[in-house]
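Novice: Sequence first, then the predicted structure:
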Amino acid sequence: MLRWLNHATRKVLAIVSPQAGEGRSWLAANLATVFAQVGMRTLLIDADMRNPRQHLLFNLDNSAGLSALLSGRAGKDVAKRVHPDLRLFVVPAGPVPPNPQELIARPVFDVVLERFHSQFDLILMDTPPAADTADAYLLAARADAAVMLVRRHHTRAAQVSTAMEGFNLSGTSVIGTVVNEY
Ligand SMILES: Nc1ncnc2c1ncn2[C@@H]1O[C@H](COP(=O)(O)OP(=O)(O)OP(=O)(O)O)[C@@H](O)[C@H]1O
Ligand SMILES: [Mg+2]
């Protein structure tokens, strides 16, 4: 990942996995923390608007978040700094909207990412399970690349193949995989 990040134009990374409960949110939160700890200005966006998690992990108010940002009801200040010593900001998902996929598909998402681009060295996105909806594919397509998480003795090889095919078809490069052992 560090090699990948050496390119100035690459900074948005989606954390994806096929199924629910494999540890995407946990990995996204931990990666964001680790990158902030090595001095990178890091933004974590909870783009799982179906089952938001990051506001719980970072103990943030979830009354305004990505859903409000994408529907034009909030500005960049929905990104909250989580610790005074770390340059780590989190955009919570916000209240669950009736139309998450429609919000993700809106062109304004690219405008939102572009606005954060100059402020951060790395932007991580938490995503919903890839096998359930098109959300993860749409999100990964907006990112510069994706990291595929699999959970040991839980994720099935066929599901990973299907997801990888999907990401290839939508032009997303999967730059690495993580095996979650828990
Ligand atoms: N490596 C790990 N060690 C300990 N606990 C873990 C680990 N990975 C995940 N967990 C725990 O497992 C549960 C599910 O993880 P998490 O919420 O990150 O999964 P997810 O893939 O985001 O699930 P969802 O589909 O609900 O979004 C959480 O309680 C999380 O803290
Ligand atoms: Mg999650």
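Specialist: Structure received. Just so you know, these numbers come straight off a predicted model, no measurement behind them. Numbers count the residues shown, from 1 in each chain. Ligands and ions are numbered 1, 2, ... in the order given.

Novice: What parts of the protein come near ligand 1?
Specialist: The chain has residues 17, 20-26, 48, 51, 53, 129, 180, 182 near ligand 1, with proximity defined as CB under 6 Å from any ligand atom. C-beta here means a position set from N, CA and C on the backbone, and glycine is covered the same way.

Novice: Residues touching the helix or strand where residue 141 lies, excluding its own?
Specialist: Using DSSP states H and E, residue 141 maps to helix 135-142. Contacts to helix 135-142, defined as CB atoms under 8 Å, 6 or more residues apart in numbering, come from residues 12, 14, 16, 47-50, 100-101, 104-105, 109-110, 113, 125, 127-130, 146, 163, 166-167, 170-172.

Novice: swap the cut-off to 7 Å and go again
Specialist: By CB atoms under 7 Å, 6 or more residues apart in numbering, the residues outside helix 135-142 that reach it are 14, 16, 47, 100-101, 104-105, 109-110, 113, 125, 127-130, 146, 166-167, 170-172.

Novice: Can you flag which of the residues you listed belong to helices?
Specialist: Judged by DSSP state H, helices contain the following of the contacts of helix 135-142: 100, 101, 104, 105, 109, 110, 113, 166, 167.

Novice: quick one: the first one and residue 50 touch, right?
Specialist: Yes - Residue 100 is in contact with residue 50 according to CB atoms under 7 Å; the separation is 5.6 Å.

Novice: Between these two, which has more neighbouring residues?
Specialist: Neighbours per residue (other CB atoms under 10 Å) separate residue 100 from residue 50, with residue 100 holding more: 22 against 17.

Novice: any idea of the pLDDT on the spatially most central residue of the chain?
Specialist: When CA atoms, centre = their mean is applied to the chain, the residue found nearest the centroid is residue 125 (1.1 Å). If you check residue 125, the pLDDT there is 98.
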